[in-house]
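Trainee: Here is my input; please provide its structure:
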Amino acid sequence: MSNSHQLRPYTSVGEIDHVHILSEHLGGLIQGEEYSDVTFLVEKRRFPAHRVILAARCQYFRALLYGGMRESHSQVEIPLPDTPAEAFTMLLKYIYTGQVTLSNVKEEVLLDFLSLAHKYGFPELETAASEYLCTILSISNVCMVYDVANLYSLTKLENTCCLYIDRNAKAVLGNEGFLALSKNVLLKVVSRDSFAAPEKEIFLALMNWCKQNPGEMHADIMKMVRLPLMSLTELLNVVRPSSLLSADTILDAIKVRSESRDMELNYRGVLIPDENIASMKHGAQVIGGELKAALLDGDSQNYDLDHGFSRHPIDEDCRSAIEVKLGQASIVNHIRMLLWDRDSRSYSYYVEVSMDELDWIRIIDHSKYLCRSWQNLSFTPRVCRYIRIVGTHNTVNKVFHLVSFECMYSSKTFLLESGMLVPTENVATVGASATVIEGVSRSRNALLNGDTKNYDWDSGYTCHQLGSGAIVIQLAQPFVISSMRLLLWDCDDRSYSFYVEVSNDQQHWRTVADHTKVTCKSWQTILIAQQPIVFIRIVGTHNTANEVFHCVHFECPAQNQVQQPCEAWPGGRAEAGSRASPGLRSQGTLLVARPECRR
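Mentor: Alright, predicted model coming up:
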């Protein structure tokens, strides 16, 4: 047996895989006259082929050779107009062998090949070719590739081209490929906030495109120029002499520039999805606050009373702040930051952004809420260069402490209500920095650990004495909540009564559920009017077995989980007299705020 026919090992017992031999034998039929029964005429070249193979591999050829196109049934030679010969050669090889080499192929031929894959209905080939094109994008070819991707609605390739163009906006404007863009794609490119080239250069490139395409409606193109972002000198000495825009349009732009707040202008900014740009790698720096070096060092673990944080004094007129300058104007919609949390203190604060440090827009306002530990803040996308965090309250002293700060554009979807996050996942978890600040348990935060199976008479629950105390959960930040769910201890036949209150500052409480006159067992789902919440207080008022209220699990918003009975006893109940009833155990840990830690 020849080396070319070396057999591969069996893929499994009793299975033979000789697909490579089949591919080689069928590939030997390409461009051969032997056994062929049809010939395609492409760019004056003849391509002999085999009807049955083409029909088996491609629905288009099945219809052409055996379907409704009767005139082609008996044709020995079939012309294929508007088909590039070099790309068709590659397609035939793929049809016969399932293989084709894309490397070292000219870009124009690759795009023709992609066009044929789309035309003849090979989605897997179309995807593979698109993925390869994503890896070879360059300043010289990205506009051409984007045009083709847009033509065939190849979403992934389109998005990759957009990101590449955005990150190389200035260079793309100066390349000849930009002048060859179709009008539709040109408008898509320059209308993006993330196409962050200087507006003067965008105008000049569009002016050159209009010269190259005299038959197009130039007014539609020039609408994409954001004239108020240009200086007065540029408007008068560059835009006005072009005669592409009227004098009134230019005057309107000058008026908008002079009368609008800076942050109201439609700025362009760099877009780097899902990557922290508040880092030294991206040129960010802390320009306001004390102990600046600690904030962007990436260390969110090593901090204590004396080091590992940045800070500013809290004053009544909010003149002090921690301020971060990004490396360049950027589009952001998410901030993640760590408030100092080595004790039980909480903070209040707000966050503002600016382009020039003069005009500030408040994007987050938690000045009336008590927040702790990690803050995950989402907001409407903004172009900004400067971000400042202003602490307004600390429950321990008059200093605002920030351990870590991250800023990015997140591609994850999120829902906002009155500027606050409406979560879909449970935010009453240790991972989300929630904590139990009142209640008795053998282990801290047992109520929030997600374990709804492993609890018995002695452990796995949090409790309080009826008539005194409560179980209180603090979320890391205000979330807009409309539901919550809790699991009452249910290893015997007892029932409870309780009510639930919520607060944002631990001073003002409002009742959202009153189950004091209801017999409650096991899982309880509570639906409430949608509202911002930081603190949840669960107060037991009755237990048919003893004078203690027991809660195994708490979550908000309520999650659709399978409800499991207590594993210790089938059906979730114990036989009468089998064990002593759970109570307020002396071994439990009282979870209350620790004494103030002064710095």
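
Trainee: which stretches of the stretch 451-599 of the chain have low pLDDT?
Mentor: 561-581, 583-599 (pLDDT under 70).

Trainee: so where do the strands sit in it?
Mentor: Assigned by DSSP state E, counting those that start in this stretch, the strands in the stretch 451-599 of the chain fall at 462-465, 471-488, 496-503, 509-520, 523-543, 548-555, 589-590.

Trainee: so which of these gets nearest Ala446?
Mentor: strand 462-465 (5.8 Å; CB to CB). Where C-beta positions appear, they are placed from N, C-alpha and C, glycine not excepted.

Trainee: Can you name every helix or strand that that closest one contacts?
Mentor: strand 440-441, strand 471-488, strand 548-555 (3 or more CB pairs under 8 Å, 6 or more residues apart in numbering; DSSP states H and E).

Trainee: Reformat the strands of the stretch 451-599 of the chain as a markdown table; add distance to Gly174 and mean neighbour count.
Mentor: Listed next are those as a markdown table, based on distance: least, CB to CB, whole Å; neighbours: other CB atoms under 10 Å:
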| stretch | distance to Gly174 | mean neighbour count |
| --- | --- | --- |
| strand 462-465 | 65 | 22 |
| strand 471-488 | 45 | 23 |
| strand 496-503 | 58 | 21 |
| strand 509-520 | 60 | 14 |
| strand 523-543 | 49 | 19 |
| strand 548-555 | 55 | 24 |
| strand 589-590 | 67 | 12 |
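
Trainee: ok, back up a step: let's have the helices and strands packed on strand 462-465 in JSON lines, adding distance to Arg46.
Mentor: Converted to JSON lines, these look like this (distance: least, CB to CB, whole Å):
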{"stretch": "strand 440-441", "distance to Arg46": "83"}
{"stretch": "strand 471-488", "distance to Arg46": "69"}
{"stretch": "strand 548-555", "distance to Arg46": "71"}
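
Trainee: now for the ones you listed, which one comes closest to His515?
Mentor: strand 471-488 (10.1 Å).

Trainee: average pLDDT across stretch 402-418?
Mentor: The pLDDT scores in stretch 402-418 average 96.

Trainee: Same question for stretch 112-121.
Mentor: Stretch 112-121 comes out at a mean pLDDT of 92.

Trainee: any residues touching it, and which ones?
Mentor: Residues outside stretch 112-121 that contact it (CB atoms under 8 Å, 6 or more residues apart in numbering) are 58-61, 83-84, 86-88, 90-91, 100, 102, 105, 125-126, 129-130, 133, 148, 152.

Trainee: Might you calculate how far it sits from the centre of the chain?
Mentor: Mean C-alpha position of stretch 112-121 versus that of the full chain (CA atoms, centre = their mean, to the nearest Å) differs by 32 Å.

Trainee: buried ones in it?
Mentor: 112-118, 120 (16 or more other CB atoms under 10 Å).

Trainee: Out of the residues you listed, which sit inside helices?
Mentor: 112-118 (DSSP state H).

Trainee: hmm, back to that, return a ChimeraX selection command for the buried portion of the contacts of stretch 112-121.
Mentor: This is how ChimeraX selects the buried members of the contacts of stretch 112-121, with burial counted by 16+ other CB under 10 Å:
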select :58,61,83,84,87,88,90,91,100,102,105,125,126,129,130,133,148
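
Trainee: Next up, the contacts around the closest residue to Asn184 other than its chain neighbours.
Mentor: Leaving out its chain neighbours, the residue that sits closest to Asn184 by CB to CB, 6 or more residues apart in numbering is Asn150, at 6.8 Å. Neighbouring residues of Asn150 by CB under 8 Å, 6+ apart: 158, 182, 184-185, 188.

Trainee: before we move on, back to that, go through the helices and strands packed on strand 462-465 and name the closest to Val332.
Mentor: Once the helices and strands packed on strand 462-465 are compared by CB to CB, strand 471-488 is nearest, at 17.8 Å.

Trainee: Give the other helices and strands that that closest one contacts.
Mentor: strand 360-371, strand 374-394, strand 420-421, strand 435-438, strand 462-465, strand 496-503, strand 523-543, strand 548-555.

Trainee: of all those strands, which lies closest to Ser194?
Mentor: strand 374-394 (9.0 Å).

Trainee: any idea of the mean pLDDT for the closest one?
Mentor: Taken as a whole, strand 374-394 has a mean pLDDT of 97.

Trainee: Offset the numbering so it begins at 20, please.
Mentor: Shifting the count to begin at 20 puts that one at strand 393-413.

Trainee: Who are the packing partners of that strand?
Mentor: Helices and strands touching strand 393-413, by 3+ CB pairs under 8 Å, 6+ apart, are strand 341-358, strand 366-373, strand 379-390, strand 418-427, strand 435-436, strand 439-440, strand 490-507.

Trainee: residues of that strand that come out buried?
Mentor: Applying 16+ other CB under 10 Å to strand 393-413 flags 393-398, 401-413 as buried.

Trainee: what does stretch 434-451 give?
Mentor: 438-442, 445-448, 451.

Trainee: can you check stretch 382-394 too?
Mentor: Buried-residue list, stretch 382-394, by 16+ other CB under 10 Å: 382-385, 388-394.

Trainee: Off-centre distance for it?
Mentor: Per CA atoms, centre = their mean, the centroid offset for stretch 382-394 relative to its chain is 22 Å.

Trainee: Same check on stretch 358-369?
Mentor: 27 Å.
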